[in-house]
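> okay, sequence plus prediction incoming.
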Amino acid sequence: EVFGKYKVRSLALAEAGRHQIRLAEHEMPGLMALREEFGAAQPLRGARIAGSLHMTVQTAVLIETLVALGAQVRWASCNIFSTQDEAAAAVVVGPHGTPADPQGVPVFAWKGESLEEYWDCTEQILLWPGEEGPNLILDDGGDATMLVHLGLQYERAGIVPPDTLPGEPDHTHEMNVVRGVLRRALESDPLRWTGIAQQLGGVTEETTTGVHRLYHLAESGELLFPAINVNDSVTKSKFDNKYGIRHSLPDGINRATDILIGGKVAFVAGYGDVGKGAAEAFRGQGARVIVSEVDPICALQAAMDGFQVARLEDVVGEADFFITTTGNKDVVRVEHMLAMKDKAVVGNIGHFDNEIDMAGLEAVPGIVKTEIKPQVHEWTLPAGDGRAERSIIVLSEGRLLNLGNATGHPSFVMSNSFANQVIGQLELFADMARPAEERQYERQVYRLPKVLDEKVARLHLDALGVRLTELSPAQADYIGVPVQGPYKPEHYRY
Ligand SMILES: NC(=O)C1=CN([C@@H]2O[C@H](COP(=O)(O)OP(=O)(O)OC[C@H]3O[C@@H](n4cnc5c(N)ncnc54)[C@H](O)[C@@H]3O)[C@@H](O)[C@H]2O)C=CC1
Ligand SMILES: Nc1ncnc2c1ncn2[C@@H]1O[C@H](CO)C(=O)[C@H]1O
């Protein structure tokens, strides 16, 4: 449990993790098919992948798939609460090792990290023994990618990171921690970040918010290497973001509170891919669901799907659950929380913890925070302004609760997302081997071609008993597509 090789809760948890990983493999046909297809050729031999993505059982199967294709890997989680300690331990020990003789992958992650520990772990995946650093990043939310970009700016121009990056969530308190990491790194090697950036050939990004950050870097001309937007593969965001949330949101609420959802009123901020899954989950549990939106198209969708669409301030006194899904900041503010019912449940499933104003809540005079159990806190609001003393229940301190209070999305849906991750890594690594003049990827953000998106879907049909209908050549001609696809034009919205 030392930095440099690994740092996890305890290797004694490895056996439990290994059993869960073995069962998860059965539910992840996409990843297992890629091991079958590419294992012999070892196409990732020479790839050194720094991974910053929730260290769950599902991610363990992703890591071991990358290793099976020849990659070297070092891993950290992308959230302080989302690690499953038994999965982290099993990955360090590996399928053939023992706690006394770990043979697996260096992992720097445990559930309940402090912010300082989180950024130390993120730095560890960029620090490889000897001269070689990572040549690829696999990111979720963009923290690892941002650290490299900030480090280079800091090194080259002495630009101490601002409190918040332009277009970034307000992470003032966290940026102080990041500055400490950057400063310490430069004290050890004044050209360390240059060295790391020069070896990096690209990044694959898992989630919506991380993709927003990448487009921001690309538009400003600051992106240091090519990026593949995994989130916007149809077989990722139209499945993970929606059906994954439909499963893991109620999972998180139930494990955290055991409060009956049926018959209650649930408020969902945002009706994008995640909001759609959240609203459907609440309706499935028998709640009356109210949605808020800023986008008229998504608002119209919500209304046509039978949901009430209202502003938070107009319904804040009648809802029992408040869930944010926007990828935005300051969505549920202090004035809203002060107006909520006694024992209302408040949580976020967006990537960052700034959708709910936790700093503002903590600063309310006379407020009392009581830990009910890890990642479940009762905040008692003092009497005043004509209201008696009452309390609200906040989950995972405003961080994504499906991974903080539960174990995130189930394996089958993550198999779709992670098959795109593996294909993205293969694409970038193959391109790095081409002569510069033949490279296909520049310092821009790319989506995978539709034919690969459809391939990921195909890999998951047998497991669900799906029989595809075959197009006849005449039919294919009639609708103007190849018999074997791709079946839709780029502008098609699924
Ligand atoms: N917890 C998890 O397992 C997952 C989390 N995510 C994260 O969830 C967030 C949302 O992802 P997607 O649904 O894919 O994004 P999206 O862009 O499809 O949906 C977000 C929606 O929120 C709306 N919105 C923005 N500001 C708002 C406000 N102030 N009030 C009401 N609505 C507002 C937007 O109009 C948009 O329709 C991102 O941070 C993403 O990274 C994504 C997948 C899984
Ligand atoms: N069980 C899980 N393991 C790893 N990542 C997950 C899991 N559930 C959700 N996620 C990812 O979490 C990000 C948001 O940080 C997503 O976009 C999802 O793909």
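Nice, thanks for sending it over. Small disclaimer: the values here were computed from a predicted structure and weren't measured. Ligands and ions are numbered 1, 2, ... in the order given.

> who's in contact with residue 381?
Applying C-beta atoms under 8 Å, 6 or more residues apart in numbering, one finds that residue 381 lies in contact with 337-338, 364, 367, 387, 389-392. From N, CA and C alone the C-beta is placed, and that goes for glycine too.

> leaving out sequence neighbours, find the closest residue to the residue of the chain found nearest ligand 1.
For the chain and ligand 1, the shortest gap (C-beta to the nearest ligand atom) falls at residue 272, measuring 1.8 Å. The shortest distance from residue 272 to any non-neighbouring residue, by C-beta to C-beta, 6 or more residues apart in numbering, is to residue 298 (6.2 Å).

> which strand or helix spans the one you found?
Using DSSP states H and E, residue 298 sits in helix 296-304.

> could you list the contact residues of the stretch 351-494 of the chain toward ligand 2?
Applying C-beta under 6 Å from any ligand atom, one finds that the stretch 351-494 of the chain approaches ligand 2 through 351, 403, 407-409, 414, 417.

> now, which of the residues you listed lie within helices?
Among these, the members falling in helices (DSSP state H) are 403, 414, 417.

> any chance of these in TSV, plus distance to ligand 1?
Shown next, in TSV, are those (distance: C-beta to the nearest ligand atom, whole Å):
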residue	distance to ligand 1
403	6
414	10
417	9
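
> filter those down to the buried ones.
Buried by 16 or more other C-beta atoms under 10 Å: 403, 414, 417, out of those.

> correct me if wrong: the first one contacts residue 54.
Read it as residue 403. Yes: taking C-beta atoms under 8 Å as the definition, residue 403 is a contact partner of residue 54 at 5.4 Å.

> common neighbours of the two, please.
Joint contacts of residue 403 and residue 54 (C-beta under 8 Å, 6+ apart) are 79, 82.

> quickly find the element holding residue 224.
Assignment of secondary structure by DSSP H and E places residue 224 within no helix or strand.

> need the ones in helices among the residues of the stretch 351-494 of the chain next to ligand 2 in CSV with distance to residue 244 and pLDDT, can you?
Written out in CSV, the entries for these read as follows (distance: C-beta to C-beta, whole Å; pLDDT from 0 to 100):
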residue, distance to residue 244, pLDDT
403, 11, 98
414, 7, 98
417, 8, 98
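
> tell me the one of those nearest residue 215?
residue 417 (19.3 Å; C-beta to C-beta).

> low-confidence regions, this structure specifically.
1-4, 158-172 (pLDDT under 70).

> distance from the chain centre to stretch 300-310, please.
The chain centroid and the centroid of stretch 300-310 are separated by 27 Å, computed with C-alpha atoms, centre = their mean, to the nearest Å.

> are it and ligand 1 in contact anywhere?
No: judged by C-beta under 6 Å from any ligand atom, stretch 300-310 stays clear of ligand 1, getting no closer than 9.1 Å.

> and the closest residue to residue 451 other than its chain neighbours, how close does it get to residue 476?
Leaving aside its sequence neighbours, residue 451 sits nearest to residue 486 (C-beta to C-beta, 6+ apart; 5.1 Å). Residue 486 sits 12 Å away from residue 476, going by C-beta to C-beta, to the nearest Å.

> cool, residue 494 as well?
20 Å.

> same thing with residue 489?
Counting by C-beta to C-beta - residue 489 and residue 476 are separated by 14 Å.

> neighbour-wise, which of these two wins?
residue 476 (16 against 9; other C-beta atoms under 10 Å).
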